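pasting the structure only:
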């Protein structure tokens, strides 16, 4: 809401002039504070896999090194978010309560990945239209009624579905690698998709200053949702001395 100040002047019978100063609170800050970097997602034969590292950066400071940016929505749906961590925590609370309210109905239905994706497009666009966006880019994955789903929603409400997704710096470094791998083999196995995700996470750790070598995985298949982590990447920095020109 915009900040508005108004003056109200009244003159009671005693001849005194009383001035009332009223106003709305200033708008909330519109820039992220503690942030998370890339989220990766790949659709494979029989499910979806999502990964994100566990670093919360305060500007360029690697401040929080054990935060989770992936959540299990229900037995069909998983979700990962990059961007402002406080906004993700708020979003997680809202979605968790939505799932509880749905379960309390006891009608045998639950939110599908597409339903969560569709709701997020409306929620993000609504906040954007109020000039107070949730500063996140969200990847939604799941397996429902025999179909894999992988969708994207950004802070403006822009949304689409794709067999591979990457947010943040991963959109530049990891997405081309994942697309090339899927072009060579459109129906990957779960193991191949996991190896691909691990390779991309390793590249991001090498190249993205806001990434970390500790990460989490979430896998959605017909058997349900499995969360794995924290996992650590085995990295090798022996060639670092060969990089020059950036001193």
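Structure's in. What do you need? Keep in mind it's a predicted model, so treat the numbers as computed, not measured.

Which helix or which strand is home to the most centrally placed residue in the chain?
Ranked by distance to the mean C-alpha position of the chain (C-alpha atoms, centre = their mean), the top residue is residue 81 at 0.9 Å. Applying DSSP states H and E as the criterion places residue 81 in strand 77-84.

Pull up the pairing partners for that strand, direction included.
Sheet pairing here is set by DSSP bridges, and for strand 77-84 it gives strand 34-36 (antiparallel), strand 70-72 (antiparallel), strand 136-144 (antiparallel).

For the residue nearest to residue 156 when sequence neighbours are not counted, pull up the helix or strand it's in.
Counting by C-beta to C-beta, 6 or more residues apart in numbering, residue 156 lies nearest to residue 128, which is 5.0 Å off, once chain neighbours are set aside. Placement of C-beta: from N, CA and C, glycine included. Following DSSP H and E, the helix or strand that holds residue 128 is helix 113-129.

got the angle for that helix vs strand 77-84?
20 degrees (axes from the mean of the first three to the mean of the last three C-alpha atoms, to 10 degrees).

Now do the contacts for residue 54.
For residue 54, the contacting residues are 65, 66, 67, 68, 69, 212, 214, 215, 216, 229, 230, by C-beta atoms under 8 Å, 6 or more residues apart in numbering.

Over to residue 41?
With contacts defined as C-beta under 8 Å, 6+ apart, residue 41 is in contact with 48, 49, 50, 51, 80, 139, 141, 150, 164, 165, 166.

Distance check, the closest residue to it other than its chain neighbours against residue 40.
Counting by C-beta to C-beta, 6+ apart, residue 165 is the residue found nearest to residue 41 once chain neighbours are left out, at 4.2 Å. Spatial separation of residue 165 from residue 40 under the definition C-beta to C-beta, to the nearest Å is 7 Å.

Likewise for residue 46?
In this structure, residue 46 and residue 40 are separated by 18 Å, where distance is defined by C-beta to C-beta.

ok, these two, which is more surrounded?
The neighbour count for residue 46 versus residue 40, taken as other C-beta atoms under 10 Å, is higher for residue 40 (30 against 17).

what's the distance between that one and residue 89?
Taking C-beta to C-beta as the criterion, residue 40 is separated from residue 89 by 21 Å.

same check, this time on residue 104
Spatial separation of residue 104 from residue 89 under the definition C-beta to C-beta is 23 Å.

now residue 203
Here the criterion is C-beta to C-beta. By it, residue 203 lies 28 Å from residue 89.

Then residue 168?
Taking C-beta to C-beta, one finds residue 168 at 18 Å from residue 89.

same question for stretch 227-237, mean pLDDT?
Along stretch 227-237, the predicted local confidence has a mean pLDDT of 89.

What's the end-to-end length of that stretch?
Length of stretch 227-237, first residue to last, C-alpha to C-alpha, to the nearest Å: 29 Å.

Need the contact partners of that stretch.
Contacts made with stretch 227-237 from outside it, assessed by C-beta under 8 Å, 6+ apart, are listed as 54, 66, 70, 72, 198, 201-202, 205-206, 213-219.
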